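S.K.: Sequence first, predicted model second:
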Amino acid sequence: MYTKILDLICIAVLCTILSLGLWPFHAPNNDVAWLGGRNGLDLGKYATVIASGARKVASSDRNEPSGSIEIWLQPGRVPDGGTLVSFFTSGDHVRFSLHQSETDLRLRAATPSDQNRTRMANLYAEDVFRQKEPRFITVTAGTSGTAIYIDGVLARRAPRLRLPPNPFTGRMVLGDSPGQPDSWTGQLLGFAIYDRELTPPQLSKHYETWTHVGRPEIHSDEGNVALYFFDEHAGNVVRDHANSGVDLSIPKRYVVVDQIFLEPFWKEFSMSRSYWGAALKNIVGFIPLGFCFCARLVVARRVKRAALTSVLLGALVSLTIEVLQAYLPTRDSGMTDIITNTLGTWVGVLCFRSEVTQTLLATLGHWNDATIGGAPRD
């Protein structure tokens, strides 16, 4: 009788873990809608807008270490998180990206290192998203470093943060990130790219004209190479008014461009609260699997090393989930989860083998003397 009960519990635990790890089991609809009564797009829980191709640079500007972007938006939730815009190339997933990080704006960019390699640098502007109100964000990069302007006013300058040549090139994603899902919720009202560093008077003028008139007053000498008003109000294409030939596409189904398969843990690692929170959830979530399956294997007495077998089973279940998640755009596929899930299974095994658990089982009369203590200790 107790064997059948353990079988049912093990099946229930396994099904629950698989459901939590793989739900939803399909690619949901792309949650992007046109705003009514004004230009713009409304982005929901699973939303992405993808450039039709990579933006190429004229040969005369190929080595220019300067550029600017402007993005006019309104957050949907405060505090919240998600990627506002990403520029990436094949094989180097992100060259430059902007994120909402709780109430802060985070800039993440690849910068040249002394060893002719690139490293990722971060720059924060605090309390940009403290309220649910429109924000006009400008990022300028040049020989004098990198600067962030909010509503035409300087918010953060980093003279030592030098971006690589043509930082805002490659393929672009708005409202999400390539490689792994990181959807942002809110409204996109306008976006522009320039091949040179804008001056404070220029970007201030753009902020005033765009937010009051609905489009920026751009002069021919400012190097505008991409301009999106989101004024189509229907369809799945956002036209580039700078005529670069790179329009934006709104896929019918939510998709992650170049989704990563089993991202290495050293690339996933972060000191952020969300990273450690997810790691803790993964550990706690697999404790029942380690506890229940170890108990079932001990009762069966067909496995000499029940504890080790349970841990290996937890690792196998986690690996299966991560492999399948690589085909689900709403989930992350990474090795960190395998490590934390396996650790959770081991903690579950330790909980079963603890003296408290064994004493309780013996007291209830469900375990005989030969069973107490688990099988021979591994």
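M.R.: Yep, that arrived.

S.K.: SS state for residue 155?
M.R.: Under DSSP: H, G, I helix; E, B strand; the rest coil, the three-state class of residue 155 is strand.

S.K.: wait, it sits on residue 123?
M.R.: No: contact status for residue 155 versus residue 123: not in contact, 10.2 Å apart, counting by CB atoms under 8 Å. For glycine as for every other residue, the C-beta is placed from the backbone atoms N, C-alpha and C.

S.K.: shared neighbours, these two?
M.R.: Common neighbours of residue 155 and residue 123, counting by CB atoms under 8 Å, 6 or more residues apart in numbering, are residue 148.

S.K.: Count the neighbours of residue 300 for me.
M.R.: A count of nearby residues for residue 300, using other CB atoms under 10 Å, gives 13.

S.K.: which ones are touching it?
M.R.: Contacts of residue 300 by CB under 8 Å, 6+ apart are residue 3.

S.K.: Now it: phi and psi?
M.R.: Main-chain dihedrals, residue 300, degrees, to the nearest 10: phi -70, psi -30.

S.K.: repeat for residue 74
M.R.: The phi/psi pair for residue 74 (degrees, to the nearest 10) is phi -140, psi 120.

S.K.: That one pairs with what?
M.R.: Here residue 74 sits in beta bridges with residue 187, as judged by DSSP bridges.

S.K.: how much space is there between it and residue 239?
M.R.: The gap separating residue 74 from residue 239 is 22 Å, by CB to CB, to the nearest Å.

S.K.: Name the nearest residue to the residue nearest the centre of the chain, ignoring sequence neighbours.
M.R.: In the chain, the residue lying closest to the centroid (CA atoms, centre = their mean) is residue 182, at 3.0 Å. Nearest non-adjacent residue to residue 182, counting by CB to CB, 6 or more residues apart in numbering: residue 83, 4.5 Å away.

S.K.: Which strand or helix spans that neighbour?
M.R.: Using DSSP states H and E, residue 83 sits in strand 80-89.

S.K.: ok, the spatially closest residue to residue 34 that is not a sequence neighbour to residue 73 distance?
M.R.: Nearest residue to residue 34, sequence neighbours excluded (CB to CB, 6+ apart): residue 233, at 5.2 Å. Per CB to CB, residue 233 is found 18 Å from residue 73.

S.K.: Give me the more crowded residue out of the two.
M.R.: Each of residue 233 and residue 73 has its neighbours counted (other CB under 10 Å); residue 73 has more, 26 against 12.

S.K.: what's residue 222 in contact with, if anything?
M.R.: Taking CB under 8 Å, 6+ apart, one finds 194, 196, 198, 202 in contact with residue 222.

S.K.: Mind putting those into a markdown table with pLDDT and neighbour count?
M.R.: What follows is the contacts of residue 222, written out as a markdown table (pLDDT from 0 to 100; neighbours: other CB atoms under 10 Å):
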| residue | pLDDT | neighbour count |
| --- | --- | --- |
| 194 | 94 | 25 |
| 196 | 92 | 19 |
| 198 | 95 | 26 |
| 202 | 96 | 21 |
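
S.K.: from the residues you listed, which is closest to residue 102?
M.R.: Of all those, the one with the least separation from residue 102 (CB to CB) is residue 198, at 27.7 Å.

S.K.: Could I get the contacting residues of the closest one?
M.R.: 68, 138, 140, 206, 222.

S.K.: out of those, who's nearest residue 310?
M.R.: residue 138 (54.9 Å).

S.K.: Make sure that closest one is actually in contact with residue 148.
M.R.: Yes: contact criterion CB under 8 Å: residue 138 and residue 148 qualify, at 7.4 Å.

S.K.: And these two? Which one has more around it.
M.R.: In this view residue 138 and residue 148 are compared by other CB under 10 Å, and residue 138 has more residues nearby, 27 against 20.

S.K.: Report pLDDT for the more buried one.
M.R.: Residue 138 is assigned a predicted lDDT (pLDDT) of 98.

S.K.: contacting residues for residue 132?
M.R.: For residue 132, the contact set (CB under 8 Å, 6+ apart) comprises 74, 75, 76, 77, 78.

S.K.: Can you flag the buried ones in those?
M.R.: 74, 75, 76 (16 or more other CB atoms under 10 Å).

S.K.: Just send those residues back as JSON lines, with distance to residue 14 too.
M.R.: Below are the buried ones among the contacts of residue 132 laid out as JSON lines (distance: CB to CB, whole Å):
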{"residue": "74", "distance to residue 14": "43"}
{"residue": "75", "distance to residue 14": "39"}
{"residue": "76", "distance to residue 14": "36"}
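
S.K.: Which stretches in the stretch 1-150 of the chain count as helices?
M.R.: Assigned by DSSP state H, counting those that start in this stretch, the stretch 1-150 of the chain shows helices spanning 2-22.

S.K.: And the strands in it?
M.R.: For the stretch 1-150 of the chain, strands defined by DSSP state E, counting those that start in this stretch occupy the ranges 32-34, 41-43, 49-51, 67-75, 80-89, 92-102, 104-112, 118-125, 135-142, 145-150.

S.K.: Cool, thanks, signing off.
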